[in-house]
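# I would like the atomic coordinates for the input below:
(chains A and B)
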Amino acid sequence: MGDDTWKDLFPGAFSKAFFFSSFNVKDLHTVDNGILEHLYPTMDSGEWDVLIAHFLGVDHCGHKHGPHHPEMAKKLTQMDQVIQGLVERLENDTLLVVAGDHGMTVNGDHGGDSELEVSAALFLYSPTPLFPSAPPEEPEAIPQVSLVPTLALLLGLPIPFGNIGEVMTELFSGGEDSQPDSSALAQASALHINAQQVSRFLHTYSAATQDLQVKELHRLQNLFSKASADYQRLLQSPNEAEATLQTVITELQQFLRGARAICIESWARFSLVRMAGGAALLAATCFLCLLASQWATSPAFSFRPLLLMPVAWALAGATLYAGLLTTTSLKLDLVVLGAVAAVASLLPFLWKAWGSCRSKKPLPTLISIPGPVLLLLLIRLATFFSDSFVVAEARATPFLLGSLILLLVVQRHWEGQLLVPKLLTIPRLGSSTLTGPPRHSGGYALRLGIGLLLCTRLAGLFHRCPEETPACHSSPWLSPLASMVGGRAKNLWYGACVGALVALLVAVRLWLRHYGNLKSPEPPVLFVRWGLPLMALGTAAYWALVSGADEAPPRLRALVAGASLVLPRAVVGLAAAGLMLLLWKPVTVLVKAGTGTPRTRTVLTPFSGPPTSQADLDYVVPQIYRHMQEEFRGRLERTKSQGPLTVAAYQLGSVYSAAMVTALTVLAFPLLLLHAERISLVFLLLFLQSFLLLHLLAAGIPITTPGPFAVPWQAVSAWALMATQTFYSTGHQPVFPAIHWHAAFVGFPEGHGSSTWLPALLVGANTFASHLLFAAVGCPLLLLWPFLCESQGPRKRRQPPGSEAKGRVRPEEEEEEEEEEEEEEEEPLMEMRLRGAPHHFNAALLQLGLKYLFVFGIQILACALAASILRRHLMVWKVFAPKFIFEAIGFIVSSVGLLLGIALVMRVDGAVSSWFKKLVLAQQR
Amino acid sequence: MKDTDIKTLLYAHFLCIFSVILSVLIPSFFMEDFSILDTHLTWLCFCSLFVTSINLVLYLVPKPNASSKRSSLSHKVTRFLKCCVYFFVSCFFFHVIFVLYGAPLIELVLETFLFAVILSTFTTVPCLCLLGPNLKAWLRVFSKNGVTSIWENSLQITTISSFVGAWLGAFPIPLDWERPWQVWPISCTLGATFGYVAGLVISPLWIYWNRKQLTYKNN
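The predicted structure follows:
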């Protein structure tokens, strides 16, 4: 009776139980009063063998008020009275054991390893005198593990196999009236049983693992065999002197204590050297990420050694180490080998860093993270060191994200770029600091920021509570629809989910159409047009089947089962096909060559022009563009166009990001299938959120035409924060019980048989969906988006109010011109600016990747440091270690995804290059 | 800018700090079991009231802004009403922002709203007193190089420090110390108060320290 933890630990073990909720630490009395109500009646009824009463008031009082509070005195007095009452009711064959499971610090808390926390009182009482003499003034401290064998033997039960405790011999003296000899004999036999069990355990354990010290083990075995022999001799000749008995007891006790010592030494062992080495390695890597991200922008930076040098050095280091080991004939440890290789691969960088450090630049110029962002990052890192914050990370991350967003907005206002031109009339001193006229009307960034906050908050509604916070209620929306009762609500939710799906699809298509990406007859575009709706349809149908599987009529059962097997696989297959198509032909540019006759409103039907190409343009692409652009300007001004030839290339300006967004959507569908239905709303929010965030960030980034392009730190930090936030809002927690195991059965309703990697892959994809989506395909968008947004701002402002019709037409023709004359923002080059400076483009991609890895790397570093520094903390296995594991796997997923995303961009880049070549060749013919 | 200006500013700020202290002391004289933590909402009301009244007094007495030329009664009344409207709008705006930042939407509405009120008291009321219901002027003051007097400069500093204090106040909430002040929104209101007081203390000092570098356009 009492603490309901017993119920969870030993379900069904009690014949009669009275449990009370134990989690509310502020509640001092519910549990205790509940016990007191039932304790004495149960005792008096006599229907029990073991009665456990777990009081919690003192513990809670310690947490709430501390040990020196009047409440504590009251509570202790109450406990005194309880014990007195119990003692009065005890019968002669009953033993009362009063034990605390821990002490408390001066603050009343516990969980650490200080003396105050780990020592507790133990009080044994029986109406039959237990101790032959008066107990000593300073009783010896008894290890908590010794309670197990003592109580087991006293109850007449075998000692549990895994026990390494030692029986309390005093309890086996057999009462006052017995002979001293026989009492000693009883003690010896109890000890012997105990020692036999421990010996058996040690034997089995040392056979299974090798982490016990062999020499010490041998000594213990010898001790045990000698003591056993003595004991046997004693049994055969019971008239031996008392001295032998005492020897036997001492030997057995020595054995038990030795066994415990050897186990403690072996089990609670942390390799501090390896911990420190790993942390140092991580730290060095993060530092190098930071440095390399700075180097990447310098014009003399070359990429080839970046890959070759570390590999060469790592191989050299690994061979050297292996050679050393074989010469000294030591055991080869793969982990250490990998570490050595990693260290060796870092060496050239460190050397370079040292050189550059010494030569010219001071370090602070290298580390260019702006102050507020650095502060936010530091706060985020510091939170990993507190178990409360790790538990509350699901709420802390949106908070930090919101802070970062508002910071961005406020910063833009502070620098006078937000509302200045509209509202500020006073001529200002700082107007010269403006890099250019603001590209958006007033309040634009503010609206984006508020929208982002709203999305973040809404996504926070899908929140799964960690088990440590009992007051929190998990969102009911995380459960699958199949678990819902009530048809109407279920149908409504189903409609909402399908609506989210459709909205996602429509949004992506609108976006692509807006940038003119849905025009070409290339296969990827066809896939976007037809494959994506098909995938959505498949997903919706699958949800319908799964959520209503139990209600299906029996005749259709087989059909439903078959469909729930086929549908997810079909969606995944479609997704894979889509990705393949995208990789095969990433450039979906529609080339249209038309006569340059002055068209006024016929732009509305741009397909109508007869494709004629003339050969009088023997120049390269820029000239083509110029002509095209001239033609466009002519159209705009309704004058005659000058160029006799036009080549209209649609969507070239968004060629990179169109591929990225398509890939993102294609990836999102299979990931969506792995989640519960209602998570689709979160995915919709996620897309919306990243869209808004990208716009907000893009609004703050000035475009430097010739390069170097750079993604600011705040963008990368916000992106990483959002990845973490989405991890939580898709119903995950960094603890093992919270993993969505059901994801393994999507598409495999019958299970997987013996294979483990496929379910692991499915569950992993479910758990790290946000990392995958954000890092893999999303991250390069951070670089690309400012160029996309370039198309809108100036245009809106330039347009006279009368020409709205044209304004609507023009975005369809996202023709990109390499422009060589007049003002910069006359015609947007958009992403073609990136092609103008391939070196800067590559450097920016590398820098982006490095920055992202850095942000995630320091997170792991903080997690690892927290887990190693707090390795004796109560919560280390419950909070810190799982957090570290999740963070590490998330990092691996992120970096793999990042590489894939960047590879996709590079693939598009290569395809665009070949497309240009083809175009030029075609023109020359 | 003269040193006397800074001295006036300092005295004015001492009065504001005094009002915050008074809001702790005075209610305990005529109210049983008044304490900041236990009867937090009452204290919030008192604090808001005291700070507002001191700000009004300061506005009426030294007149740091002699801008309002027209002084007809109807104009004054409209101005006052406008100020009230601005104050309430800012309260609701803060409330919405708190909810967006993760405050509970349905539970503890009164607490959240009173937090919004106290934060408005620390930020909006001085703005209203100094700048009047003039959004353009506000936006000008809170941008780079936008201040035109030490009063506006100190307003900038106190407002920002109030916001930062409220923001920092949110951090102890998840900790498992089980202290009574960790409950929403007590830590945030306390943080805002401390931030406000710190801003009041810091801004004269900062202005005094940097009086050589500070050049205002009007002066």
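# from here on, contacts and neighbour counts on C-alpha atoms
Fine.
# what number of residues lie near the residue in chain B that chain A sits nearest to?
Of all residues in chain B, the one sitting closest to chain A is residue B:143 (4.1 Å; CA to the nearest CA). Using other CA atoms under 10 Å in any protein chain shown, residue B:143 is surrounded by 21 other residues.
# for it, which three-state class applies?
coil (DSSP: H, G, I helix; E, B strand; the rest coil).
# now swap in residue A:709 and tell me
coil.
# out of everything not next to it in sequence, what's closest to it?
The shortest distance from residue A:709 to any non-neighbouring residue, by CA to CA, 6 or more residues apart in numbering or on different chains, is to residue A:844 (5.6 Å).
# just say helix, strand or coil for the one you found.
Following three-state DSSP, the label given to residue A:844 is helix.
# hmm, residue A:294 and it touching each other?
No. Counting by CA atoms under 8 Å, residue A:844 does not reach residue A:294; the two are 10.2 Å apart.
# which one of these two is surrounded by more residues?
Using other CA under 10 Å as the criterion, residue A:844 and residue A:294 rank with residue A:844 on top: 23 against 19.
# would you mind measuring from the more buried one to residue A:404?
Distance, residue A:844 to residue A:404, using CA to CA, to the nearest Å: 23 Å.
# likewise for residue B:6?
Taken as CA to CA, the span from residue B:6 to residue A:404 is 34 Å.
# how far away is residue A:724 from chain B?
16 Å (CA to the nearest CA, to the nearest Å).
# check which helix or strand covers the closest residue to chain B within the stretch 601-750 of chain A.
Nearest residue of the stretch 601-750 of chain A to chain B, counting by CA to the nearest CA: residue A:725, 12.8 Å away. Using DSSP states H and E, residue A:725 falls within helix A:713-729.
# who's in contact with that helix?
Outside helix A:713-729, the residues that touch it by CA atoms under 8 Å, 6 or more residues apart in numbering or on different chains are A:369-370, A:373, A:377, A:394, A:397-398, A:400-401, A:404-405, A:459-464, A:682, A:686, A:697, A:733, A:767-771, A:774-775, A:779, A:782, A:848, A:851-852, A:855-856.
# at 7 Å instead, please
Residues outside helix A:713-729 that contact it (CA atoms under 7 Å, 6 or more residues apart in numbering or on different chains): A:369, A:373, A:394, A:397-398, A:401, A:404, A:459-460, A:462-463, A:697, A:768, A:770-771, A:774, A:851-852, A:855.
# ditto for stretch A:732-748
Under CA under 7 Å, 6+ apart, the answer for stretch A:732-748 is A:464, A:466, A:564-566, A:568-569, A:674-675, A:751, A:759, A:762-763, A:766-767, A:882-883, A:886.
# compute the first-to-last residue distance for it.
By CA to CA, one end of stretch A:732-748 lies 22 Å from the other end.
# please name the residues that touch residue A:156.
Residue A:156 neighbours (CA under 7 Å, 6+ apart): none.
# that one looks like it's in a helix, true?
No. Residue A:156 is assigned coil when assessed by three-state DSSP, not a helix.
# the least confident helix or strand in chain B by mean pLDDT and chain A in contact?
Ranking every helix and strand in chain B by mean pLDDT, DSSP states H and E puts helix B:135-141 at the bottom, with a mean of 83. Yes. Using CA under 7 Å from any CA of the partner chain, we find that helix B:135-141 touches chain A at B:136, B:140.
# send the alpha carbons of that helix over as PDB?
The C-alpha trace of helix B:135-141 is given here as PDB (Å, rounded to 0.1, in the frame of the first residue of the first chain):
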ATOM      1  CA  LEU B 135       3.200  55.200 -33.000                       C
ATOM      2  CA  LYS B 136       5.600  56.800 -35.300                       C
ATOM      3  CA  ALA B 137       7.500  58.300 -32.500                       C
ATOM      4  CA  TRP B 138       7.700  55.000 -30.700                       C
ATOM      5  CA  LEU B 139       9.000  53.300 -33.700                       C
ATOM      6  CA  ARG B 140      11.600  56.000 -34.100                       C
ATOM      7  CA  VAL B 141      12.800  55.800 -30.500                       C
END
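# tell me how far that helix lies from the chain's centre.
In terms of CA atoms, centre = their mean, to the nearest Å, the centre of helix B:135-141 is set 16 Å apart from its chain centre.
# how about that helix: buried residues?
B:136, B:137, B:138, B:139, B:140, B:141 (16 or more other CA atoms under 10 Å in any protein chain shown).
# from residue A:140, how far off is the closest residue to residue A:119 other than its chain neighbours?
Excluding the flanking residues, the one nearest residue A:119 by CA to CA, 6+ apart is residue A:103, at 5.3 Å. Distance, residue A:103 to residue A:140, using CA to CA: 16 Å.
# what about the two, which has more around it?
residue A:103 (20 against 7).
# give the contact list for that one.
A:110, A:116, A:117, A:118, A:119, A:120.
# perfect, I'm done here.
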